[in-house]
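A.B. asks: Have a look at this prediction, sequence included:
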Amino acid sequence: MISVFGSANMDLVAYVAQAPGPGETVTGREFRTIPGGKGANQAIAAARAGADVAFLGAVGDDAFGPGLRAALAEAGVDTSGLRVVPGPSGVAHIVVQDGGDNSIIVVPGANGAVTGPAGRDAEVIARSGALLLQLELPMDAVVAAAHVARAASPAGESRAEVILTPAPAVPLPAELLEAVDLIVPNEHEATALTGRDDPGDALEALLGLVPEAVVTLGARGALYGSRDGARLHQPALPVRAVDTTAAGDTFAAALAVARTEGHDPARALRFASAAAALSVQREGASTSMPHRHEIDRLMEEGL
Ligand code: RIB
């Protein structure tokens, strides 16, 4: 099982030829309201990729809350750890321009009310093979969840592997890094965290912080490294991207699924790359994540 402790946002998405600059007004082509949030995205992507998934987080008592819960439940995610708190749900204001690049403003809403694992969350994390974390919840809450995973080791079982997507990029406290097993930044986040512009250099610097790292490079694929000396480059599939929203979430979730199934780093990277390649060819966050049979088919086609 995989547990995801993270954010749920309703994405308010405008599609436009070119995103406006400061002081500029442009006419968009389409508007959509799509369940998202880095945490919920990872939960849905992991469930579609074949894992049993529990989502731990919060929505508000507004009109968006039930839609966010329904999107998770429809994907087969256990939402019994999704709390309802007074006030608005998290929202993300997203502009997607032609070619698929996006810019996002997140207003945390209910996500900001999460203080750490509560209720039965620790029990759920202890039963998991992996705990997926991102940085759209308060940092103290993320640190607390990582430490719960570290502390938990039910008799005869290994503890949950802690996999962090460090997005949005903010400085990471030592208390978080010491509890992370694998970090999965994109190249911009990797540079922000390490001060190194070159992704290969950034990967090496990340391995000074945590035991394993994957730096995603968009159309140039992904780099993997571990402290035991392994280094891999997984090229990306040459696909036509229409919307890269949540591609990183899809990648991290699929990577976790493959790792909890016991696959080696090379196969796990290929699986994650296949999932991400499928997601960028579709619009939206939760609407873009592929199902297991689609990922397997792409793998069989020789990615
Ligand atoms: O990673 C993509 C996500 O970032 C979007 O779904 C949006 O909600 C923001 O959290």
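C.D. replies: Now that the structure is in, tell me what you want to look at.
A.B. asks: switch to C-alpha atoms for all contacts and neighbour counts from now on
C.D. replies: Fine.
A.B. asks: List the residues that contact the residue lying closest to residue 218 once chain neighbours are set aside.
C.D. replies: Nearest-residue entry for residue 218: residue 236, 7.3 Å, with adjacent residues in sequence omitted and distances by CA to CA, 6 or more residues apart in numbering. By CA atoms under 8 Å, 6 or more residues apart in numbering, the residues touching residue 236 are 218-222, 273, 277.
A.B. asks: Residue 98 - how many residues pack around it?
C.D. replies: 14 (other CA atoms under 10 Å).
A.B. asks: ugh, wrong one, residue 202
C.D. replies: Using other CA under 10 Å, the number of residues around residue 202 comes to 23.
A.B. asks: Does residue 145 touch residue 117 like I think?
C.D. replies: Yes - using CA atoms under 8 Å, residue 145 is in contact with residue 117, at 5.8 Å.
A.B. asks: the more surrounded of those two?
C.D. replies: Comparing residue 145 with residue 117 by other CA under 10 Å, the one with more neighbours is residue 145, at 28 against 22.
A.B. asks: That one should be in a helix, yeah?
C.D. replies: Yes - counting by DSSP: H, G, I helix; E, B strand; the rest coil, residue 145 falls inside a helix.
A.B. asks: rewinding a little: do you know how far the residue nearest to residue 218 is from the ligand?
C.D. replies: Relative to the ligand, residue 236 is positioned 19 Å away (CA to the nearest ligand atom, to the nearest Å).
A.B. asks: and stretch 70-77, how far out from the chain's middle?
C.D. replies: Its chain's average C-alpha position is 16 Å from that of stretch 70-77, according to CA atoms, centre = their mean, to the nearest Å.
A.B. asks: err, stretch 229-249, not the other one
C.D. replies: Between the centre of stretch 229-249 and the centre of its chain there are 13 Å (CA atoms, centre = their mean).
A.B. asks: For that stretch, the averaged confidence score.
C.D. replies: Stretch 229-249 shows an average pLDDT of 93 in the prediction.
A.B. asks: Next: stretch 179-190.
C.D. replies: 97.
A.B. asks: what about that stretch and the ligand, any contact?
C.D. replies: No - if you take CA under 6 Å from any ligand atom as the test, stretch 179-190 misses the ligand, and the best it gets is 11.0 Å.
A.B. asks: can you list contacts of that stretch?
C.D. replies: Under CA under 8 Å, 6+ apart, the answer for stretch 179-190 is 146-147, 150, 161-169, 196, 199, 202-203, 206, 210-218, 248, 252.
A.B. asks: What subset of those residues is buried?
C.D. replies: Among these, those classed as buried by 16 or more other CA atoms under 10 Å are 146-147, 150, 161-167, 169, 196, 199, 202-203, 206, 210-218, 248, 252.
A.B. asks: Remind me what the host helix or strand of residue 43 packs against, helices and strands.
C.D. replies: Per DSSP states H and E, residue 43 falls inside helix 38-48. When contacts are defined as 3 or more CA pairs under 8 Å, 6 or more residues apart in numbering; DSSP states H and E, helix 38-48 packs onto strand 2-5, strand 53-60, helix 64-74, strand 130-133, helix 247-260.
A.B. asks: Same list (the ones you listed) but as TSV, adding distance to residue 141.
C.D. replies: Shown next, in TSV, are the helices and strands packed on helix 38-48 (distance: least, CA to CA, whole Å):
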stretch	distance to residue 141
strand 2-5	9
strand 53-60	10
helix 64-74	21
strand 130-133	10
helix 247-260	19
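A.B. asks: Run the chain-centre distance for the helix holding residue 43.
C.D. replies: A distance of 7 Å separates the C-alpha centroid of helix 38-48 from that of its chain, computed with CA atoms, centre = their mean.
A.B. asks: show me where the stretch 201-303 of the chain has helices.
C.D. replies: For the stretch 201-303 of the chain, applying DSSP state H, counting those that start in this stretch gives helices covering 247-260, 265-279, 292-300.
A.B. asks: Tell me which of these is the most buried.
C.D. replies: Among those, helix 247-260 has the highest mean neighbour count (mean count of other CA atoms under 10 Å), at a mean of 28.
A.B. asks: Can you tell me what sits against it?
C.D. replies: 1-2, 38, 41-43, 45-46, 49-51, 129-130, 132, 163, 165, 184, 186, 216, 265, 267-269, 271-273, 275-277, 279-280, 285, 289.
A.B. asks: try it again with 6 Å
C.D. replies: With contact meaning CA atoms under 6 Å, 6 or more residues apart in numbering, helix 247-260 is reached by 42, 45-46, 129, 268, 272, 276, 279.
A.B. asks: Of the residues you listed, which ones also sit close to the ligand?
C.D. replies: Okay, of these, nothing touches the ligand (CA under 6 Å from any ligand atom).
A.B. asks: need the residues of the stretch 151-300 of the chain near the ligand, please.
C.D. replies: Residues of the stretch 151-300 of the chain lying close to the ligand (CA under 6 Å from any ligand atom) are 245-246, 249, 285.
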